[in-house]
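**Student:** sequence plus predicted model, see below.
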Amino acid sequence: MPVKKGKFKKYVYCFAGGKAEGDASMKMILGGKGANLAEMTNLGLSIPPGFTISAEVCKIYYELGKKWPKGLEKQINDNLKKIEKVTKKKFGDFENPLLLSVRSGAAVSMPGMMDTVLNIGLNPDSLNRLIEKTDNERFAWDSYRRFIQMFGDVVMGVPHFAFENELKKVKDKYGKQLDIELNYEELIEVVKNYKKIYERFTKEKFPEKPKEQLYKAISAVLESWNTDRAIKYREINNIKGLVGTGVNVQTMVYGNMGESSGTGVCFTRDPANGENKLHGEFLINAQGEDVVAGIRTPIPIDELNKLLPKNYKELQRIRKILENNYRDMQDLEFTIEEGKLYILQTRTGKRTGASAVKIAIDMVKQRLITKNEALMRITDDDLDQILHPQFDTKELKNKKPLTRGLPASPGAAVGQMVFNAEDAEKWADLGKKVILCRRETSPEDVAGMHKAVGILTSVGGMTSHAAVVARGWGKCCVSGAGEIDIDAEKKEMKVNGKIFSEGDILSINGSTGYVYQGEIKTVSSSLSPEFKMIMKWSDNLRKLKVRTNADSPEDTLRAVQLGAEGIGLCRTEHMFFAESRLSIFRRLILFAYESRRIESVLQRLSSDSERIALEKEYSKVNKEYKKALSELLPLQKRDFRGIFKTLKGMPATIRLLDPPLHEFLPKNLQEQEELAEVTNISLDRIQHIISDLHELNPMLGHRGCRLGITYPEISDIQVRAIIEAAIEVKRKTRKNVLPEIMIPLVGHYKELQLSRERAEIVISKVFTEKKVKKGYINYKIGTMIEIPRAAVTADEVAEFADFFSFGTNDLTQMGAGFSRDDAGKFLDEYIELGIYDKDPFQSLDIEGIGKLISIAIELGRKKKNKLKIGVCGEHGGDPKSIYFFNKAGLDYVSCSPLRVPIAILASAQAVLIQKSIVSKKKKAGKKK
Ligand code: PEP
Ligand code: MG
């Protein structure tokens, strides 16, 4: 609305006398607190009358160099008059003084970050009236003393400790322990001394004029928007796009006026478990801060029914009104002043994951919200909480974290520290709970990682080895805790000057990344019928299928129980890390290396005698190579049989070996010596092979399909194991088996062409050997799209692929050029600077990597319009990325087992968001 000449914009919005100039939809103008006070006033609830100065004033205040905009003072005074009329009191009056509170309140709640000043208007005159009215001299003088302290501290910057020291001096003088033990005469002394302190620090007298107090308090609250702590809070919580804080000026009400007064906080439902009953606590004859100060123990809200039954009934009535109006659980503050109940604040209540799910379902049953609204209300964090054990929130409140890393795999874990995987296994076998603390983990550590209850690393990002493996198992992991210095040899960890040794107890929170010294109690929750209901409703809506990344029958089963519709990524390398297999696989690598070396020398040799000698060696080495391969075959087959059986006819995408071979070879001398003994290859030679296989940039090295092309026998054995297992399971169970063989790290279509041709030969052979018809197993051969080159030539690649699966971890690594293991060292700063919104390894960089994905989908489907396309990188379990995958037209997402429910819900939410965007666009089109 244009502002008429000579008139000022509306800066002040009144809520008094049952009418308000705003409502709950005006949070951006009035702030959350102001908008809700207006809404509640309109609902006819008893709200202490007041007015809200709009958040825009805060912006203008800074633009004008900390000055009020013109017209604001007049609007404040006009509104003060309205309050005086309704309350029949007067601000600054001697007879019937009006006392006010001034509180901050931005559109997004920033608890405790900004300032409040209470009891404005108190001076010697109004103090006397307060004494007369309340007949409580102690209360009045205590209010005055609190006011001077609050005003001095918040408005004038008098150091808090100066007042605190003074209070202590008086208490000591009279032998009192607690503030409440001071009588009114002693408080008069405190007030006198407080005023002296005020004068000493501010060089002015404590203001007695109520207007001066009010104006100064308003400016102070405006300034609290830009204190260091408020700025930091907004930064940490990613609060952006707000112009400032609203300022709420409101009539004071007192809960400390005797036995028919009190104050409390309550939730309209139980925030811990969602039970549909009033939940909270209160204190009789107390002020708001007494409830939180912990000096007196608050009483459960049900007791109010016995002490002040009329008010309790009223509170129950208000609970219903608020829930019907807001259609969500509310967290409210109330004060009872001499038998009259006032609501001071309401806001949407914070709740646990279990409670969020129960409340959403119950509210659908009550017809307060629709099923779709219920689905939109539940977050990935809610489900994460339900699926993993968490720290007891009460205990957590009193704990100070030691340090913080990345929340790599959610849940809470408490255990004794160990510094290598072997110790983790040993200690765990003795029945101890251990946290495996490593600089970083490597495939060699998996057995120990598996036995540990939690994993902590000092380096590595969200898709580092530790993070990916832990998430796959649903095990708690904090990665990249950079302040930690781990000395594996000394079995010691240093952090912020403290030293920890083997056996010390640590608690780690994989949902937040915090690390704590000592033990914190954990709580676990089970899957409720309400949780299952949410999954069912999501299933009815979603278009995306949800698969899981799993490489053992146990993990597969867990995922299937949570709703997975197949495996989207079975990383076969994980199957080689069990101790019994690792030694076979190490032998296999050494002999594969040696036979490849001899083959290439043989090609160059011309002298027959040399050839004969070398051919002999070759046949020996090759025999060993084949032996190792044949030992591996039944083991791999057993793995696949287990997985196929568990899947009961659902598809399984099995990826052929991906990591570079050096990752499997031993780093320590003892293991190298053992390997020399079993292979009969000299230690020197083994060390030479290890160093030759070592790569400076292994992520871009000899891995993925490059391995299969140069060591085809390894891929052959894997393909054979998959198809033989499929035939055996199909024969035995008479259920369909749908293997999808996935070739990793393809960049050029010829890599896939070669790999596919080779695999087809093996499959045909197996069919013949097993005497089954060609189509007995309906297998597919496809590829991962994880190299940008493959994405932009996806039409060529599609020719040889039955399916694509986006490996968004590597695609992000190679597309953005960030090492997935090291980028954590600077990504935080990148996010702070706003270069990236979020860690692109956690939430897909839609504008960049998303574009590569869109190109690949378009090109791939141009070639094969029914090409099946999924995603199996970590982003397959991230809701924001899932919205993108849904829109991009993917067939499925695949994620670690415990993220399956999150992906199911997010897929349904993606459909709802998409629908609402489309209908908004349609409406906008019609308007035009
Ligand atoms: C990927 O790169 O996204 C992927 C799933 O493979 P990995 O994480 O095993 O490299
Ligand atoms: Mg990859």
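**Tutor:** Arrived safely. Ligands and ions are numbered 1, 2, ... in the order given.

**Student:** list, one by one, the residues from this protein near ligand 2.
**Tutor:** Contact residues (Cβ under 5 Å from the ion) of the chain with ligand 2: 786, 807, 810. Glycine gets a C-beta too; all of them are placed from N, C-alpha and C.

**Student:** pick the one among these closest to residue 816.
**Tutor:** Proximity of the residues of the chain next to ligand 2 to residue 816 (Cβ to Cβ) peaks at residue 810, which lies at 10.9 Å.

**Student:** for the closest one, give me its contacts.
**Tutor:** Taking Cβ atoms under 8 Å, 6 or more residues apart in numbering, we find residue 810 in contact with 699, 745, 784, 786-787, 820, 873.

**Student:** skipping its backbone neighbours, what lies nearest the closest residue to ligand 2 within the stretch 551-700 of the chain in space?
**Tutor:** The stretch 551-700 of the chain approaches ligand 2 most closely through residue 658 (6.3 Å), counting by Cβ to the ion. Nearest non-adjacent residue to residue 658, counting by Cβ to Cβ, 6 or more residues apart in numbering: residue 744, 4.4 Å away.

**Student:** same check on residue 882?
**Tutor:** Nearest one to residue 882, counting by Cβ to Cβ, 6+ apart, is residue 906 at 4.1 Å.

**Student:** which residues of the protein lie near ligand 1?
**Tutor:** Within the chain, the positions near ligand 1 by Cβ under 6 Å from any ligand atom are 468, 569, 571, 658, 786, 807-810, 872-873.

**Student:** apply 8 Å and report the result again.
**Tutor:** 463, 468, 549, 569, 571, 655, 658-659, 744, 784, 786, 805-813, 820, 872-875 (Cβ under 8 Å from any ligand atom).

**Student:** double-check residue 550 against residue 572; I have them as touching.
**Tutor:** No - using Cβ atoms under 8 Å as the test, residue 550 is too far from residue 572 to be in contact (11.7 Å).

**Student:** and those two? which has more neighbours close in?
**Tutor:** residue 550 (32 against 20; other Cβ atoms under 10 Å).

**Student:** and the pLDDT at the closest residue in space to that one that isn't next to it in sequence?
**Tutor:** Distances taken as Cβ to Cβ, 6+ apart put residue 556 closest to residue 550, at 4.5 Å, once the chain neighbours are dropped. If you check residue 556, the pLDDT there is 96.

**Student:** just checking, residue 556 is part of a strand?
**Tutor:** No - using DSSP: H, G, I helix; E, B strand; the rest coil, the assignment for residue 556 is helix, not a strand.

**Student:** list the contacts of it.
**Tutor:** 548, 550, 564, 567, 643, 646-647, 897 are the contacts of residue 556 under Cβ under 8 Å, 6+ apart.

**Student:** repeat that for 6 Å
**Tutor:** 550, 643, 646 (Cβ atoms under 6 Å, 6 or more residues apart in numbering).

**Student:** could you look up the next helix or strand downstream of the helix or strand hosting residue 212?
**Tutor:** Per DSSP states H and E, residue 212 falls inside helix 210-223. Proceeding N to C from helix 210-223, the next assigned helix or strand is helix 228-236, under DSSP H and E.

**Student:** adjacent strands (with direction) for the next helix or strand after that next one?
**Tutor:** Following helix 228-236 in sequence order, the next helix or strand is strand 246-251 (DSSP H and E). Strand pairing for strand 246-251, using DSSP bridges, gives strand 50-53 (antiparallel), strand 100-105 (antiparallel).

**Student:** so which of those is the most surrounded?
**Tutor:** Highest mean neighbour count among the strands paired with strand 246-251 (mean count of other Cβ atoms under 10 Å): strand 50-53, with a mean of 29.

**Student:** in the following helix or strand past that one, what's buried?
**Tutor:** Using DSSP H and E, the helix or strand that follows strand 50-53 towards the C-terminus is helix 55-63. Buried residues in helix 55-63, defined by neighbour count with 16 or more other Cβ atoms under 10 Å: 55-61.

**Student:** then stretch 709-727?
**Tutor:** Result for stretch 709-727 [16+ other Cβ under 10 Å]: buried residues 711-727.

**Student:** returning to that earlier point: could the buried residues of helix 55-63 go into a markdown table alongside distance to residue 357 and pLDDT?
**Tutor:** Formatted as a markdown table, the buried residues of helix 55-63 follow (distance: Cβ to Cβ, whole Å; pLDDT from 0 to 100):
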| residue | distance to residue 357 | pLDDT |
| --- | --- | --- |
| 55 | 33 | 97 |
| 56 | 38 | 96 |
| 57 | 40 | 97 |
| 58 | 37 | 97 |
| 59 | 39 | 96 |
| 60 | 43 | 96 |
| 61 | 43 | 97 |
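
**Student:** who are the neighbours in contact with the closest residue to residue 261 other than its chain neighbours?
**Tutor:** Leaving out its chain neighbours, the residue that sits closest to residue 261 by Cβ to Cβ, 6+ apart is residue 255, at 4.9 Å. By Cβ under 6 Å, 6+ apart, the contact list for residue 255 reads 261-263, 286-287, 335.

**Student:** quick check: the gap between residue 255 and residue 234.
**Tutor:** Residue 255 sits 32 Å away from residue 234 when distances are taken as Cβ to Cβ, to the nearest Å.

**Student:** swap in residue 58?
**Tutor:** Plainly put, residue 58 is 13 Å away from residue 234 if you go by Cβ to Cβ.

**Student:** likewise residue 678?
**Tutor:** 60 Å.

**Student:** the more surrounded of the two?
**Tutor:** Using other Cβ under 10 Å as the criterion, residue 678 and residue 234 rank with residue 234 on top: 17 against 12.
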